[in-house]
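Enquirer: Sequence plus the predicted model coming up.
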Amino acid sequence: MDLLPFFTWLDTSLLADLSKAYGGVFAVVQMFHLVSLAVLGGMVLVADLRLLGVLLTDVPLTLVLRETRRGFDLALLALVISGVFMSSAVAMKLYYNQMYWVKMIALLVGVLFVYFIRRPLLGETPEQLRPVTRHLIALSSMTTWFTVAASGRWIGFS
């Protein structure tokens, strides 16, 4: 599936015009993107380190997972919205950037992992899972989201 027509449209859209014309707006949106990334990363780390039994061991696992789920969902939504806005300013450049595609694939894998594997597996009673299963879920999650963040950061260098 060729996405070049979409990126061409995005590059010439009203959103792109706004993001290119008003540097201050772009900077504010970028700030929201980075704050959202920090919140998402924090939610992932807190939940996954709890799954590993490293952090907040005195707090029930179900409570930690429930509370981090809310922050994760909001941060992901903010990341996607701000990311689309930021991408519109350099859509054609991103289309030809390999690290951008690594990030997008990792992001897709991360989202699918969270909503179709991690959350269903952990369910209502994550304490009933074997520790090795919880540890594998946590390590897979941290690896995936680290890949998203690292490849996103690498976009600026490539």
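Expert: That came through, no problem.

Enquirer: After the strand or helix carrying residue 110, which helix or strand is next?
Expert: Assessed by DSSP states H and E, residue 110 sits inside helix 98-113. Per DSSP H and E, the first helix or strand lying C-terminal to helix 98-113 is helix 119-122.

Enquirer: can I have the lowest-mean-pLDDT helix or strand in the chain written out in CSV, keeping just the CAs?
Expert: Across the helices and strands of the chain, mean pLDDT, DSSP states H and E gives its lowest value to helix 14-21, namely a mean of 87. Extracted as CSV, the C-alpha positions of helix 14-21 are listed here (Å, rounded to 0.1, in the frame of the first residue of the first chain):
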residue,chain,number,x,y,z
LEU,A,14,-4.4,23.5,6.1
LEU,A,15,-2.9,21.7,9.0
ALA,A,16,0.5,21.9,7.3
ASP,A,17,0.1,25.5,6.5
LEU,A,18,-0.7,26.3,10.1
SER,A,19,2.3,24.3,11.4
LYS,A,20,4.7,25.8,8.9
ALA,A,21,3.5,29.4,9.3
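
Enquirer: Give the buried residues for that helix.
Expert: 15, 16, 19 (16 or more other CB atoms under 10 Å). (Glycine included, C-beta is placed from N, CA and C.)

Enquirer: Which member of those is positioned nearest residue 103?
Expert: Lowest distance from residue 103 to the buried residues of helix 14-21 (CB to CB) belongs to residue 19, with 18.4 Å.

Enquirer: between whatever helix or strand residue 86 lives in and helix 98-113, what angle do the directions make?
Expert: Using DSSP H and E, residue 86 maps to helix 61-89. Going by axes from the mean of the first three to the mean of the last three CA atoms, to 10 degrees, helix 61-89 is angled at 150 degrees with respect to helix 98-113.

Enquirer: List the buried residues of helix 61-89.
Expert: 61, 64-65, 68-69, 71-72, 75-76, 78-79, 82-83, 85-89.

Enquirer: Could you name the helices and strands sitting against the helix holding residue 110?
Expert: helix 131-155 (3 or more CB pairs under 8 Å, 6 or more residues apart in numbering; DSSP states H and E).

Enquirer: got a list of contacts for the helix it packs on?
Expert: 37, 40-41, 44-45, 47-49, 51-53, 94, 97, 99-100, 102-103, 106-107, 109-110, 113-114, 117-118, 121-122, 126 (CB atoms under 8 Å, 6 or more residues apart in numbering).
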